[in-house]
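Trainee: Quick one, structure for this:
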Amino acid sequence: MTVFGSKVAGGVGNGGKTGALVVVVGVGVGDAEVLAGVGEELVAAGVGEVVGEAEVVVVGEDVGEAVVVVVGEDVGEVVVVGEVVGEAVVLEGGAGYIRSHVVYDLLCRDYGVIVVDNLSNSDGLNLDNIAKSNYWGSALYNYYGDCGEIERFDPRDVVGVIHFAAYKSVGESVRNPLKYYSNNINSLLNVLEYVGRYKIPNLIFSSSCTVYGEPFSVPVTENEPIKSSPSPYGQTKIICERIIQDFYAKNRWVNILSLRYFNPIGGYSNIPIGENPTGGYESLMSRLNRWALGLDNFIIYGDDYDTSDGTAIRDYLDVGDLSRCHIECLENIMQKGGSYSVYNVGTGHGTSVKSLVNKYLEVNGIKNKIVEVGERRGGDIDAIYADASKIANEIGFRCRVNLEDSLRASYEWHKYLVSKGYMA
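Mentor: Next up, the predicted model:
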């Protein structure tokens, strides 16, 4: 087991003060060795059943309130590195694309982070790279298990939950709807039970613009009527938002935000971290990058949409902007005493798939590529992009990164993946 990072205060098993910290390794972790400060204020370090050999390592002093990032199942290691852990936030689904950027940005703001993930559609590469970076000095904890195991974490220092744990491919949801209904809804129920039982004051839900279905007009505002979504993925987000509304109606002490994402792209090339799915390359950008790197062909799914060039229009925002949005929203609602709000998170500009592909080739200097056009995929709509004025006015959040820089970062990240033997 390696402890990464250059800003480590104290040592493994040094008996330093650990505050009200609970590190629990559960089902799927197997024989684990717990190495931690032995002070009286270490609440618990538990080890569950079955899974390889894992270590729980607690390093550092004065661990106050920990940020908890919760992900899924099948284990490796739990790592605690750093000096002072600020306030605690639980993020479910922390090893994936968007959430790993939130993990990194939380660490850079001196929050401690616990990541829990079942790695069903990601691996540990992003978190490994974060742990090896020297850009942060707070604590990082990795726990690989299911959302149902969120109860294992001591709630006393948790100030919020960011719920990411959901499957998210529109196309796959059409092919396998029960997988999406089971996972996406049950994971939310586990979180709400935890929030309600332990009075966790703040919750951010990772929703989606798919709740709007085919909007009546664009740009779409938060007042757009919620209709039936053409995909099971979108339906799960609609159902989850309704569950959250009902939960809030009976628990008005909690602050809840539903963030309706549009289409995140890009990555952090300096870490590096980015999109690295293990369940297949479904997203536009992963398919586009594989094509650019000579690993696959590329198909635009449909050129008969009701748009200017016949291809679907979407709102592409940089994943770094989306990550920053989560933190700014969390810090905003931490000042409130019970509230529920919904926000669009997008740039406010629509770009067609054909325009995106041409811009991608241009900014990355890629030539002599032939684009194929195929049939539409089930569940896709003509056009949607955000009216992002509400979140700008009420939270102060605005996207900053331009499309060209996001496309460059995406290409650089995927070149890195190929150099490391991924994407074969």
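Trainee: Find the residue closest to Gly396 in space, skipping its chain neighbours.
Mentor: Glu328 (7.0 Å; C-beta to C-beta, 6 or more residues apart in numbering). Using the backbone N, CA and C atoms, a C-beta is placed for each residue, glycine as well.
Trainee: Hmm, the one you found is touching Arg398, no?
Mentor: No: using C-beta atoms under 8 Å, Glu328 is not in contact with Arg398, being 10.0 Å away.
Trainee: which secondary structure element contains the residue nearest to Gly396?
Mentor: helix 319-333 (DSSP states H and E).
Trainee: Now tell me what touches that helix from outside.
Mentor: Applying C-beta atoms under 8 Å, 6 or more residues apart in numbering, the contact partners of helix 319-333 are 89, 97-98, 101-102, 104-106, 109, 160, 162, 202, 204, 255-257, 259, 261, 264-268, 274, 339, 343, 345, 391, 395-397, 399-401, 406.
Trainee: which residue ranges form the strands in the stretch 101-250 of the chain?
Mentor: 113-116, 140-143, 158-163, 202-208 (DSSP state E, counting those that start in this stretch).
Trainee: Quick one: mean pLDDT for stretch 398-413?
Mentor: pLDDT averaged over stretch 398-413 equals 97, rounded to a whole number.
Trainee: Can you pull out the low-pLDDT segments for the stretch 101-250 of the chain?
Mentor: The model of the stretch 101-250 of the chain has pLDDT under 70 over residues 116-122, 134-157.
Trainee: now the helices for it?
Mentor: Secondary structure of the stretch 101-250 of the chain (DSSP state H, counting those that start in this stretch): helices at 125-132, 170-175, 177-198, 232-250.
Trainee: Show me where the stretch 251-400 of the chain has its strands.
Mentor: Remark: strands assigned in the stretch 251-400 of the chain by DSSP E, counting those that start in this stretch are 255-261, 263-265, 299-301, 313-314, 316-318, 339-345, 351-352, 372-374.
Trainee: highest average neighbour count across these?
Mentor: strand 316-318 (a mean of 25; mean count of other C-beta atoms under 10 Å).
Trainee: partner strands of it, parallel or antiparallel?
Mentor: Paired strands of strand 316-318, with direction, are strand 263-265 (parallel) (DSSP bridges).
Trainee: Just the residues contacting the partner strand, thanks.
Mentor: Contact with strand 263-265 is made by 97-98, 284-285, 314-319, 322, 346, 406-407, 410, as judged by C-beta under 8 Å, 6+ apart.
Trainee: List the buried residues in stretch 328-336.
Mentor: For stretch 328-336, the neighbour count (16 or more other C-beta atoms under 10 Å) marks Cys329, Leu330, Asn332, Ile333 as buried.
Trainee: Dump these into CSV; add pLDDT and distance to His414 as well.
Mentor: Shown next, in CSV, are those (pLDDT from 0 to 100; distance: C-beta to C-beta, whole Å):
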residue, pLDDT, distance to His414
Cys329, 96, 29
Leu330, 94, 30
Asn332, 96, 34
Ile333, 95, 35
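Trainee: Relative to Ile114, which of those residues is nearest.
Mentor: Closest approach to Ile114 among those (C-beta to C-beta): Leu330, at 15.3 Å.
Trainee: distance of that closest one from Pro219?
Mentor: 25 Å (C-beta to C-beta, to the nearest Å).
Trainee: cool, Lys359 as well?
Mentor: According to C-beta to C-beta, Lys359 and Pro219 sit 20 Å apart.
Trainee: same check, this time on Ile265
Mentor: From Ile265 across to Pro219, the span is 18 Å (C-beta to C-beta).
Trainee: do the same with Cys399
Mentor: 13 Å.
Trainee: Mutual contacts of these two, please.
Mentor: Applying C-beta under 8 Å, 6+ apart, one finds that Cys399 and Pro219 are jointly contacted by Gly348, Ala388.
Trainee: Between those two, point out the one with more neighbours.
Mentor: Shown here are Cys399 and Pro219; by other C-beta atoms under 10 Å, Cys399 has more neighbours (25 against 20).
Trainee: residues contacting that one?
Mentor: Leu317, Asp318, Asp321, Gly346, Thr347, Gly348, Ala388.
Trainee: From Arg175, how far off is it?
Mentor: The spacing between Cys399 and Arg175, counted by C-beta to C-beta, is 32 Å.
Trainee: what about the strands of the stretch 251-400 of the chain, which gets the closest to Gly124?
Mentor: Closest among the strands of the stretch 251-400 of the chain, once you apply C-beta to C-beta, is strand 263-265, at 20.5 Å.
Trainee: if we can go back for a sec, can you check which of the helices of the stretch 101-250 of the chain gets nearest to Glu224?
Mentor: helix 232-250 (12.3 Å).
Trainee: number of nearby residues for Tyr198?
Mentor: 15.
Trainee: From Arg398, how far off is it?
Mentor: Distance from Tyr198 to Arg398, by C-beta to C-beta: 34 Å.
Trainee: Ser352 too?
Mentor: As defined by C-beta to C-beta, Ser352 lies at a distance of 23 Å from Arg398.
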